[in-house]
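Colleague: Below is the sequence, then the predicted model.
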Amino acid sequence: MKFFKSLSTILFVLLFFITPAIALDWQTTNQSTIAWDAYDASAGNPGDEYRYNVYIKLQGDTVGTLVSQEQVATEFTATFTSEGFFIVGVSTVRFVDLDLSGSYDPTVDIDENGDPVILESTINWSDVNGASTPNPFGIRHFVAPLEPGGLRPAE
Ligand SMILES: [Ca+2]
């Protein structure tokens with residue numbers, strides 16, 4: 001009984017950690033445009049503004065690099081020059097309409113310290129179906145090899 005319990009635990013752990021890696025859809029390209037749904041702002045103040053931060057990390061890394069800060073568009077074109085297996089992440093950034101005027105103005109909507117109230121969500125990474133990534137994916141890029149050397153007429 002104890003053996004089966006350990007076996008099922010091992011199987012569970014294997015499935016939990018290995019299945020997501022197998023299930024990833026890979027795009028092999030040096031450039032890819034990623035899109036996402038516009039944030040549903042109906043729950044917040046009507047005057048709040050929402051933007052997006054885009055991050056890229058190598059598969060397996062825990063921290064990504066910010067590649068686009070506070071952009072308005074709901075898509076981003078990532079271009080890769082180095083080789084690797086990349087994961088893209090997007091977070092929502094909320095700019096609070098602090099004076100409830102119906103629109104966000106960084107010069108007016110400031111708190112008692114003179115700072116705007118800007119809040120960032122956690123990152124929805126493309127390799128996990130977090131908030132919503134219906135088909136978890138990654139982008140892999142390979143660089144062309146160098147030219148051959150020693151070019152000469154054959155003897
Ligand atoms: Ca305002």
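Modeller: Sure thing, it's come through.

Colleague: from here on, contacts and neighbour counts on C-alpha atoms
Modeller: Will do.

Colleague: what's the least confident helix or strand in the chain, going by average pLDDT?
Modeller: In the chain, no helix or strand scores lower on mean pLDDT, DSSP states H and E than helix 2-23, which sits at a mean of 54.

Colleague: list the buried ones in the helix or strand just after that helix?
Modeller: Counting by DSSP states H and E, the next helix or strand C-terminal to helix 2-23 is strand 25-28. Within strand 25-28, the residues scored as buried using 16 or more other Cα atoms under 10 Å are Trp26.

Colleague: quick check: mean pLDDT across strand 25-28?
Modeller: Strand 25-28 carries an average pLDDT of 96.

Colleague: next one: that strand to chain centre, how far?
Modeller: Centroid separation for strand 25-28 versus its chain: 15 Å, with Cα atoms, centre = their mean, to the nearest Å.

Colleague: can you list contacts of that strand?
Modeller: Residues outside strand 25-28 that contact it (Cα atoms under 8 Å, 6 or more residues apart in numbering) are 135-142.

Colleague: so how far is Ser68 from the residue of the chain positioned farthest from its centre?
Modeller: Going by Cα atoms, centre = their mean, the residue of the chain most distant from its centre is Glu155, 55.2 Å out. To Ser68, Glu155 is 55 Å away according to Cα to Cα, to the nearest Å.

Colleague: Asn135 too?
Modeller: In terms of Cα to Cα, Asn135 sits 23 Å off from Ser68.

Colleague: Would you mind extracting the C-alpha trace of the strand ranked longest in the chain into PDB?
Modeller: Looking across the chain with DSSP state E, the single longest strand is strand 84-95. Taking C-alpha atoms only, strand 84-95 is exported to PDB below (Å, rounded to 0.1, in the frame of the first residue of the first chain):
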ATOM      1  CA  GLY A  84      17.100  30.300 -27.600                       C
ATOM      2  CA  PHE A  85      13.800  29.000 -26.400                       C
ATOM      3  CA  PHE A  86      11.800  32.100 -25.400                       C
ATOM      4  CA  ILE A  87       8.600  32.600 -23.400                       C
ATOM      5  CA  VAL A  88       6.600  35.900 -23.600                       C
ATOM      6  CA  GLY A  89       4.700  37.400 -20.700                       C
ATOM      7  CA  VAL A  90       2.200  40.300 -20.500                       C
ATOM      8  CA  SER A  91       1.000  42.200 -17.400                       C
ATOM      9  CA  THR A  92      -1.800  44.800 -17.000                       C
ATOM     10  CA  VAL A  93      -0.800  48.200 -15.700                       C
ATOM     11  CA  ARG A  94      -3.600  50.300 -14.100                       C
ATOM     12  CA  PHE A  95      -3.300  54.100 -13.900                       C
END
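
Colleague: Okay then, goodbye and thanks.
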